[in-house]
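A.B. asks: Sharing a model that was predicted from the sequence below.
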Amino acid sequence: MLLLGLLLLLPLLAATHLLWGRWMLRSLHLPPLVPGFLHLLQPNLPIYLLGLTQKLGPVYRLRLGLQEVVVLNSKSTIEEAMIKKWVDFAGRPHTPSYKLVSLDDQDLAVGDYSPLWKAHKKLTRSALLLGIRSSMESLVQEQTQEFCERMRAQAGNPVEIHKEFSLLTCTIICYLTFGDKEDSLVHSFHDCIQNLLSTWEHWSIQILDIVPFLRFFPNPSLWRLKRAVERRDQIVKEQLRRHKESLMTDQCRDMTHYMLQGMRKQNVEEGPGGQLLEGHVHMAMVDLFIGGTETTATTLSWAVAFLLHHPEIQKRLQEELDRELGPSASDSRVQYKDRARLPLLNATIAEVLRLRSSVPLALPHRTTRPSSILGYDIPEGMIVIPNLLGANLDETLWERPHEFWPERFLQPGAQPSALTFGCGARVCLGEPLARLEVFLVLTQLLRAFTLLPPAGALPSLQPKPHCGTSLQVPPFQVLLQPRHAGAPRLGESQ
């Protein structure tokens, strides 16, 4: 009887919420409103949202269930909000799913804007750019070399390349964050993060953010998410315990040591009003894994998929690498500074990032105070979605925007930079590491192997439909044919 009463009450609550919202905003000059409220059912949401600009312009509103949001679909509007008026748009929505995955609201990625959040960001950024800067490249080089050796052992057999990239990036993050690359830890954390992400992105969890009172109803996915978060926190807390036991002043073996020391120093400098807690270090580590494993692995997988479709570009890349770095991948380690000598490789990476932003709609922002975009009023507390993929496919900025054409970045004249990692105060902190990994892995992979489709079966270049916040590549396999002299050819005994 109680359940029936709740079900009958839902339409009334929804209607009251909608009418009250309209009444409060009646005097504002708001962006145009898209009819309907089932937009999340679209199979490729970023492209669907971009298509709406043809009638409504680059800024409009739409309803996602009971929630009204503003969508920004052009580079200029995103930069106006996130750079020129960044304080106005630096907040995060207070959603049920964010509270579930954040430890006591101490998360950096989904945490709301505040002085404490700024201190948290400062600590994490310094750990990435200062704490491990001297060792970051050598660690990535080492893991990439080991990765290529494992792939050489599988020459002749189809490889599920995305899975391999995912384990590689997880190993790199484990090494940088914990100073540990033991297989047991890597696989344990990798499986935990994979489980957490797949559960978090399930529609039965996402719907809680647009119809929050549904969290009071039985939801098996919600239980699975809570268990995944508990498992995640167990692993991180164990690492924190070990690092605190071995913590020595002025000695930083990895990012966790650096952040623990930096937290103490920063708390002294900031005073009582900006005290960071161990939970902030805990969640910074979680963010590094969530933001630094699957996203980079997905970018690398898209790069391989595009090169399988464009063997002529792959051949030109290998010629460039052989000419500038030498024909043998085992002679010397690639240096990140070598990227200045590899314009086609840089252009190819830029084109992959433009076409396949791993998080095409970023994470939603929330206005911290009344503001405006393109002359439209944006009230305080409004959720704002920057359609990064839409901006990267804007026909007014890009020639042949849907085509894989790296040469666009080699043409005379300045090309616009793609908005892949966001911009402004909420720009992805892991961008330097991601760019380093993508460059070094692709360089070593293309020096060592020729990428071939097994039995001529090319992978799909269409993202998986209904893939939540990420632009996931459909599963595919690749044959890795060793290039250098003396290596066994495909089909030959080893």
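C.D. replies: Alright, I've got the coordinates. Numbering: from 1, shown residues only.
A.B. asks: Okay, helices next: where are they in the stretch 151-300 of the chain?
C.D. replies: 161-178, 183-200, 203-210, 220-245, 255-270, 278-292, 294-309 (DSSP state H, counting those that start in this stretch).
A.B. asks: And the longest one, what does it pack against?
C.D. replies: To tie it back to what came earlier, the one meant is helix 220-245. helix 96-101, helix 161-178, helix 183-200, helix 203-210, helix 255-270, helix 278-292 (3 or more CB pairs under 8 Å, 6 or more residues apart in numbering; DSSP states H and E). To be clear about C-beta, it is placed using only N, CA and C from the backbone, and glycine gets the same treatment.
A.B. asks: so how far is it from its chain's centroid?
C.D. replies: 21 Å (CA atoms, centre = their mean, to the nearest Å).
A.B. asks: Run through the strands of this structure in chain order.
C.D. replies: 59-64, 67-72, 365-366, 371-373, 376-378, 383-386, 449-452, 479-482 (DSSP state E).
A.B. asks: Including distance to Leu288 and mean neighbour count, could these go into CSV?
C.D. replies: Listed next are these as CSV, based on distance: least, CB to CB, whole Å; neighbours: other CB atoms under 10 Å:
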stretch, distance to Leu288, mean neighbour count
strand 59-64, 29, 20
strand 67-72, 27, 23
strand 365-366, 21, 24
strand 371-373, 31, 19
strand 376-378, 31, 19
strand 383-386, 22, 24
strand 449-452, 29, 19
strand 479-482, 29, 20
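A.B. asks: out of those strands, which comes closest to Glu164?
C.D. replies: strand 479-482 (9.8 Å; CB to CB).
A.B. asks: The helices and strands packed on helix 220-245: which one's closest to Glu142?
C.D. replies: helix 161-178 (8.3 Å).
A.B. asks: what sits against Arg369?
C.D. replies: The contact partners of Arg369, by CB atoms under 8 Å, 6 or more residues apart in numbering, come to Val87, Asp88, Glu380.
A.B. asks: Highest neighbour count among those residues?
C.D. replies: For the contacts of Arg369, neighbours were counted using other CB atoms under 10 Å, and Asp88 has the most, 20 neighbours in all.
A.B. asks: Please name the nearest non-neighbouring residue to that residue.
C.D. replies: Ser371 (3.7 Å; CB to CB, 6 or more residues apart in numbering).
A.B. asks: what about this structure, any weak spots by pLDDT?
C.D. replies: For the chain, the stretches with pLDDT under 70 are 1-26, 131-133, 249-251, 268-274, 328-332, 414, 466-469, 485-494.
A.B. asks: try it again with 50
C.D. replies: 1-4, 6-7, 10, 15, 20, 486-494 (pLDDT under 50).
A.B. asks: about what we covered before: nearest to Thr95, of the contacts of Arg369?
C.D. replies: Using CB to CB as the measure, the one of the contacts of Arg369 that approaches Thr95 most closely is Glu380, at 17.0 Å.
A.B. asks: Give me the neighbour count for the closest residue to Asn267 other than its chain neighbours.
C.D. replies: Spatial nearest neighbour of Asn267, excluding adjacent residues (CB to CB, 6+ apart): Gln275 at 5.2 Å. Gln275 sits with 14 neighbouring residues when counted by other CB under 10 Å.
A.B. asks: Same question for Lys121.
C.D. replies: 17.
A.B. asks: Tell me how far Leu123 lies from Ala284.
C.D. replies: Distance from Leu123 to Ala284, counting by CB to CB, to the nearest Å: 7 Å.
A.B. asks: Please apply the same query to Glu395.
C.D. replies: 39 Å.
A.B. asks: Between those two, which is the more surrounded one?
C.D. replies: Ala284 (28 against 12).
A.B. asks: Now do the contacts for the more buried one.
C.D. replies: Leu108, His120, Leu123, Thr124, Ala127, Met259.
A.B. asks: same check, this time on Tyr113
C.D. replies: Taking CB under 8 Å, 6+ apart, one finds Val87, Ala90, Gly91, Arg92, Thr368, Ala425 in contact with Tyr113.
A.B. asks: want to try CSV for the residues you listed, with distance to Asn157 as columns?
C.D. replies: What follows is these, written out as CSV (distance: CB to CB, whole Å):
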residue, distance to Asn157
Val87, 53
Ala90, 48
Gly91, 49
Arg92, 44
Thr368, 53
Ala425, 46
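A.B. asks: Distance check, Arg242 against Leu260.
C.D. replies: Taking CB to CB, one finds Arg242 at 11 Å from Leu260.
A.B. asks: Settle it for me: which of these two has more neighbours?
C.D. replies: Per other CB under 10 Å, whichever of Arg242 and Leu260 has more neighbours is Leu260, with 18 against 14.
A.B. asks: For the more buried one, list the residues it contacts.
C.D. replies: Here Leu260 is in contact with Leu240, His243, Lys244, Leu247, Glu278, Val281 (criterion: CB under 8 Å, 6+ apart).
A.B. asks: mind putting those in TSV, distance to Ser417 and neighbour count included?
C.D. replies: Formatted as TSV, the contacts of Leu260 follow (distance: CB to CB, whole Å; neighbours: other CB atoms under 10 Å):
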residue	distance to Ser417	neighbour count
Leu240	37	19
His243	37	21
Lys244	41	12
Leu247	40	15
Glu278	37	15
Val281	32	25
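A.B. asks: if we can go back for a sec, tell me which of the contacts of Ala284 fall in helices.
C.D. replies: Counting by DSSP state H, these place His120, Leu123, Thr124, Met259 in helices.
A.B. asks: who wins for most neighbours among the residues you listed?
C.D. replies: That'd be Met259 among the ones in helices among the contacts of Ala284, by other CB under 10 Å, with 29 neighbours.
A.B. asks: my read: it touches Arg125, true?
C.D. replies: No: the pair Met259 / Arg125 is not scored as a contact, 10.7 Å apart, by CB atoms under 8 Å.
A.B. asks: so what's the nearest residue to Arg152 once chain neighbours are set aside bridging to?
C.D. replies: Spatially, and ignoring its direct neighbours in sequence, Arg152 is nearest to Pro482 (6.0 Å; CB to CB, 6+ apart). Beta bridges link Pro482 to Phe449 when assigned by DSSP bridges.
A.B. asks: Turn the contacts of Leu260 into JSON lines, including distance to Asn44.
C.D. replies: Listed next are these as JSON lines, based on distance: CB to CB, whole Å:
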{"residue": "Leu240", "distance to Asn44": "40"}
{"residue": "His243", "distance to Asn44": "42"}
{"residue": "Lys244", "distance to Asn44": "46"}
{"residue": "Leu247", "distance to Asn44": "47"}
{"residue": "Glu278", "distance to Asn44": "41"}
{"residue": "Val281", "distance to Asn44": "37"}
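A.B. asks: quick one: which of these is nearest Pro46?
C.D. replies: Val281 (33.3 Å).
A.B. asks: residue contacts, the closest one?
C.D. replies: Neighbour list for Val281: Leu123, Leu240, Thr256, Met259, Leu260, Met263 [criterion: CB under 8 Å, 6+ apart].
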